[in-house]
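# Here is a sequence with its predicted model. Questions after.
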Amino acid sequence: MTKLAGSRVLVAGAGVTGRSAAEALLAAGAEVVVTDSSAERLMALESLLEGVDLVPGLIEPPAGTSLVVTSPGWQPSSPLLAAASSAGIEVIGEVELAWRMAAELADPPVWLAVTGTNGKTTTVGMLESILHAAGADAVACGNVGLPVVDALLAGRRVLAVELSSFQLHWAPSVRPQAGALLNLAEDHLDWHGGMEPYAQAKARVLTGDVAIGWLDDDLVVDLLEASPAPDRVGFTLEEPAAGQLGVRDGWLVDRAFADDEPLIEVAKIRPAGPPGIADALAATALARAYGVPSEAVREGLEAFEPAAHRAVLVAVDGADIQYVNDSKATNPHAAVASLRAFDSVVWIAGGLLKGASVDEMVRTEAHRLRGVVLIGQDRQVIADALARHAPNVPVRVLDTGDDEPMTVAVRAAQELARPGDTVLLAPAAASMDMFTDYAHRGQAFTAAVQELIGR
């Protein structure tokens, strides 16, 4: 970014995106300062970012700072960012930095963006697979793991960008060629301060040339209708109307970018079930907005392999009880989708709810619960909802801890299960009270199941 040459820029956060932002800013000729609350994490960059000033624990921008680039998880109310705003210093995120860098290129890459409460990573993975099948120089980036600025500097021509609500909050200028909003439910309310600002952050993905939204979600429909995008496309699990994508007679059908074209049999989509089908429709819409032919859609979706900890069948024991790991169901909305894939469930749930309500989830899904095993910090919140809406469902509330309580939880679930049931880990909550992340939680579940049934 030639405009930043010689300017002092503060990077807040020494994680993956912070390091990438700092490297890009150095290459642009900026004077870069990096701060982090962890001196250890900060010092780990010392040998990697030569020429960067590393200062732990800053609560005010250094004198002469013209811009702050923050890691996505930092809240606007944090002392450093609040001080920057009060001083009139612009605060942006790494995604916004990448967008501004791209704007200076003679031939910038195409941005195809995905957001939603759930399904982002699966959708962006499907999109990347479809784009590769079409021969595009594409890469999945953003919240999926690879910083957008790294994908940009690598010269990739099409960016399949997964965007969290945090990233969108800090990316006010981003206008993707096509952007998809998958769904919307309570999540990260503690960070955003309520449902309305959370929804408005998500709606930023719909401000480009083509806005794509799930028509089976009323909140998404409202935001799609309010979108300033010149072209708006809906997708649905029902039969599509003209201008939509949907499902008919067991096929994904495109009536938005074609007159009426079957694309792929639903039975070939993985992960199976309504959430996977909806994600495939969104990925298809984004790819078709870019001009990908139907053959590449089919080939890409058939080649796609779902990531770990997303509705993975771990094992089936001798009593015909199946054990499913959906640790990625980190909020009630995702847990509902997971529960609805099965008729009779022993549900393992609990963790950090982050302010999300659970009454509606419990009320609507109570009829499929054989039993419930609760773990984690907010386990009693779910227990209270079960007492109100499912008083006849057996519930076991376990103490918190680490891997050992997961072993206890799986054993308790097996005791509640009957032949043909599913023991389902779909926590409806974040994992950091007991585990490093959702993957660690899923690994603990898988290990507990394998130990229990001797595999």
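Looks like it arrived, so ask away. What you see is a predicted model; the values in this text were computed from it and never measured.

# how distant is the lowest-mean-pLDDT helix or strand in the chain from the center of its chain?
Using mean pLDDT, DSSP states H and E, helix 189-192 stands out as the lowest-scoring helix or strand of the chain, at a mean of 73. Averaging C-alpha positions (Cα atoms, centre = their mean, to the nearest Å) puts helix 189-192 16 Å from its chain's average.

# so what does the first helix or strand past that helix going along the chain touch, helix or strand wise?
Next along the chain after helix 189-192, taking DSSP states H and E as the criterion, comes helix 195-203. On a contact count with 3 or more Cβ pairs under 8 Å, 6 or more residues apart in numbering; DSSP states H and E, helix 195-203 meets helix 165-169, helix 189-192, helix 218-225. The C-beta positions use only the backbone N, C-alpha and C, and glycine is treated the same way.

# at 10 Å instead, please
Other elements packing on helix 195-203 under the criterion 3 or more Cβ pairs under 10 Å, 6 or more residues apart in numbering; DSSP states H and E are strand 110-115, helix 165-169, strand 178-181, helix 189-192, helix 218-225.

# Quick one: closest of these to Leu153.
strand 110-115 (14.9 Å; Cβ to Cβ).

# What separation do you get for the closest residue to Pro147 other than its chain neighbours and Asp36?
Counting by Cβ to Cβ, 6 or more residues apart in numbering, the nearest residue to Pro147 once its immediate chain neighbours are dropped is Ser20, at 3.9 Å. Ser20 sits 14 Å away from Asp36, going by Cβ to Cβ, to the nearest Å.

# Leu286 belongs to a helix?
Yes - according to DSSP: H, G, I helix; E, B strand; the rest coil, Leu286 belongs to a helix.

# Of the helices and strands packed on helix 195-203, which shows the lowest average pLDDT?
Lowest mean pLDDT of the helices and strands packed on helix 195-203: helix 189-192, a mean of 73.

# Restrict it to CA atoms and write it as PDB.
Extracted C-alpha coordinates of helix 189-192, given in PDB (Å, rounded to 0.1, in the frame of the first residue of the first chain):
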ATOM      1  CA  LEU A 189     -23.800 -11.300  21.400                       C
ATOM      2  CA  ASP A 190     -21.400 -10.500  24.200                       C
ATOM      3  CA  TRP A 191     -18.900  -9.100  21.700                       C
ATOM      4  CA  HIS A 192     -21.400  -7.100  19.500                       C
END
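
# Show residues contacting it.
Residues from elsewhere that reach helix 189-192 (Cβ atoms under 10 Å, 6 or more residues apart in numbering): 72-77, 164-166, 169, 195, 197-202, 352-357.

# Ala211 against Phe235, yeah?
No - assessed by Cβ atoms under 10 Å, Ala211 is found out of contact with Phe235, at 11.7 Å.

# what residues are shared contacts of the two?
With Cβ under 10 Å, 6+ apart as the test, Ala211 and Phe235 both reach Ala180.

# Could you check which of the two is surrounded by more residues?
Phe235 (30 against 27; other Cβ atoms under 10 Å).

# Let me see the contact set for that one.
Neighbouring residues of Phe235 by Cβ under 10 Å, 6+ apart: 180, 182, 212-216, 220, 244-247, 252, 254, 256, 277-285.

# same question, Glu451
Glu451 is in contact with 407, 410-411, counting by Cβ under 10 Å, 6+ apart.

# Could you list which of those residues belong to helices?
407, 410-411 (DSSP state H).

# center of the protein, which residue is that?
Lys120 (4.3 Å; Cα atoms, centre = their mean).

# Hmm, Leu182 and it touching each other?
Yes - counting by Cβ under 10 Å, Lys120 touches Leu182, with 6.7 Å between them.

# Return every residue with contacts to both of these two.
With Cβ under 10 Å, 6+ apart as the test, Lys120 and Leu182 both reach 114, 279, 282.

# Compute the first-to-last residue distance for stretch 346-359.
End-to-end distance of stretch 346-359 (Cα to Cα, to the nearest Å): 18 Å.

# Next one: Arg204 from Pro419, what distance?
Separation of Arg204 from Pro419 (Cβ to Cβ) stands at 49 Å.

# okay, these two: which has more neighbours?
Arg204 (24 against 10).

# Do I have it right that the more buried one meets Ala113?
Yes - between Arg204 and Ala113 there is a contact at 9.2 Å, judged by Cβ under 10 Å.

# ok, back up a step: can you pull the contacts of the residue nearest to Pro147?
Contacts for Ser20 (Cβ under 10 Å, 6+ apart) come out as 11, 94, 97-98, 146-153.

# How far does whichever strand or helix holds it sit from its chain's centre?
Using DSSP H and E, Ser20 falls within helix 16-27. A distance of 23 Å separates the centroid of the chain from that of helix 16-27, by Cα atoms, centre = their mean.

# Output the contacting helices and strands for the helix or strand following it.
Note on helix 16-27: by DSSP H and E, the next helix or strand toward the C-terminus is strand 31-35. Under the contact definition 3+ Cβ pairs under 10 Å, 6+ apart, strand 31-35 sits against strand 8-12, helix 16-27, strand 53-54, strand 65-70.

# how does it look with 6 Å?
With contacts defined as 3 or more Cβ pairs under 6 Å, 6 or more residues apart in numbering; DSSP states H and E, the packing partners of strand 31-35 are strand 8-12, helix 16-27.

# Redo the ones you listed as CSV? Include distance to Ala103 and mean pLDDT.
Output for the helices and strands packed on strand 31-35, formatted as CSV (distance: least, Cβ to Cβ, whole Å; pLDDT from 0 to 100):
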stretch, distance to Ala103, mean pLDDT
strand 8-12, 17, 97
helix 16-27, 14, 93
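
# To Met434, which of those lies closest?
Using Cβ to Cβ, the helices and strands packed on strand 31-35 put helix 16-27 closest to Met434, at 23.6 Å.

# between that closest one and strand 65-70, how big is the angle?
Helix 16-27 runs at 150 degrees relative to strand 65-70, counting by axes from the mean of the first three to the mean of the last three Cα atoms, to 10 degrees.
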